[in-house]
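1. How does the following fold in three dimensions:
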Amino acid sequence: MNEDILKGKWHEVRGSVKTKWGKLTDDDLTAISGQTEKLLGMLQTRYGYAKEKAEEEYKAFVSSLKK
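-> Alright, predicted model coming up:
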């Protein structure tokens, strides 16, 4: 899923993001608004992930959405 698709489906997947990463606040989700880089940055901030770990988590999450 590229960023354009994520932005387009953000309202649909926002709840799934909140479920997967519960430390993200509603304000965080509003600020992210479907932007991959912002989501990765928030994962690094809230969870202390390295960039590579945040990208791994993101890719696994996106893959789970395709099923």
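
2. Find the nearest non-adjacent residue to the residue most central in space within the chain, please.
-> When CA atoms, centre = their mean is applied to the chain, the residue found nearest the centroid is Leu39 (4.4 Å). Once flanking residues are discounted, Leu39 sits nearest to Ile32: 4.9 Å by CB to CB, 6 or more residues apart in numbering. For every residue, glycine as well, the C-beta is placed using N, CA and C.

3. try Glu57
-> Counting by CB to CB, 6+ apart, Glu57 lies nearest to Leu43, which is 6.2 Å off, once chain neighbours are set aside.

4. swap in Lys38?
-> Ile32 (4.5 Å).

5. The one you found reaches Met42, doesn't it?
-> Yes. Here Ile32 reaches Met42: they are 6.1 Å apart, a contact under CB atoms under 8 Å.

6. what is in contact with these two at once?
-> Leu24 (CB atoms under 8 Å, 6 or more residues apart in numbering).

7. before we move on, the earlier item: how deep is the residue nearest to Leu39 tucked in, by neighbour count?
-> 22 (other CB atoms under 10 Å).

8. same deal with Thr45?
-> Thr45: 13 neighbours (other CB under 10 Å).
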